[in-house]
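Trainee: Build me a structure from this.
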Amino acid sequence: MPDHVYTVRILVCILLSSAIAMPAAAGFTEQGDIVFDDQQGVYWQRRPPDRNSDGHIDRHDRWTWQEAGAYCQSLDLGGHEDWRLPSYEELETLVDYTTHSPAIDAAFASNNGLYWTLSELAEDQDKIWAVSFQFGDDYVVHKDSRNFVRCIRP
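Mentor: Numbering: from 1, shown residues only. Modelled structure (predicted):
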C-alpha cells in the first residue's frame, strides 16, 4: 500500500479519537456572581461560597451534604431564591475535559475539590455522587463528609 494511504488512515483515526474524547465546548455567559449555561438553560452560582469569609476557597469552606442543601435552599443570589443542589447529571455538564486543575470553564471560579450533587446512590442512601473539578472525575461519598457546593437554579 502507498505511504499516503497509511498517512490518511492515521489522520482519520486521530481526528475521530479527538472528536470522541473532547465534547463540544459549552457556552456560558457571566452575569456577575451568576453564570448562565446557554446549552442547558440554567443558572449557576459562579463561585463556591467562602464559608468562613477569609477571601480564600479552601478546606475550611466545605460543607456536609445536609448543610450544602440547606445553604442552596436559603441562597438569595441575583434576586432569586429558588437555588438548589444540582443533580449529578447537571453538575457533570460543567466538566471541561480539555483542561484540568480545574476542569471547568473559565467563566467559573473553582478549585479542584469535590462538589456535592443531590443524587443519592440507589443502593445506599447515605452516599451521594460528587464531582471533582481537578480532572472531572466523579466519586461516591458519605453524606457526612465535607465537600464544596455550587448551587443551580432553573
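
Trainee: low-scoring pLDDT stretches of the protein, where are they?
Mentor: Where the chain drops to pLDDT under 70, the residues are 1-26.

Trainee: In it, mark out all the strands, start to finish.
Mentor: Secondary structure of the chain by DSSP state E: the strands cover 28-31, 34-37, 42-45, 114-121, 124-132, 138-142, 152-153.

Trainee: Next, format those as JSON lines and append distance to Arg62 and mean neighbour count.
Mentor: C-beta coordinates here come from the backbone N, C-alpha and C atoms, glycine included. Formatted as JSON lines, the entries for these read as follows, by distance: least, C-beta to C-beta, whole Å; neighbours: other C-beta atoms under 10 Å:
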{"stretch": "strand 28-31", "distance to Arg62": "24", "mean neighbour count": "14"}
{"stretch": "strand 34-37", "distance to Arg62": "21", "mean neighbour count": "19"}
{"stretch": "strand 42-45", "distance to Arg62": "15", "mean neighbour count": "21"}
{"stretch": "strand 114-121", "distance to Arg62": "8", "mean neighbour count": "21"}
{"stretch": "strand 124-132", "distance to Arg62": "11", "mean neighbour count": "18"}
{"stretch": "strand 138-142", "distance to Arg62": "11", "mean neighbour count": "15"}
{"stretch": "strand 152-153", "distance to Arg62": "18", "mean neighbour count": "20"}
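
Trainee: May I see those organised as a markdown table, with distance to Asp96 added?
Mentor: Below are the strands of the chain laid out as a markdown table (distance: least, C-beta to C-beta, whole Å):
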| stretch | distance to Asp96 |
| --- | --- |
| strand 28-31 | 10 |
| strand 34-37 | 13 |
| strand 42-45 | 14 |
| strand 114-121 | 14 |
| strand 124-132 | 12 |
| strand 138-142 | 15 |
| strand 152-153 | 17 |
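
Trainee: For Gln45, which non-adjacent residue is spatially closest?
Mentor: Cys151 (4.4 Å; C-beta to C-beta, 6 or more residues apart in numbering).

Trainee: That neighbour contacts Pro86, doesn't it?
Mentor: Yes. With contact defined as C-beta atoms under 8 Å, Cys151 counts as touching Pro86 (7.5 Å).

Trainee: Fine, thanks again, bye for now.
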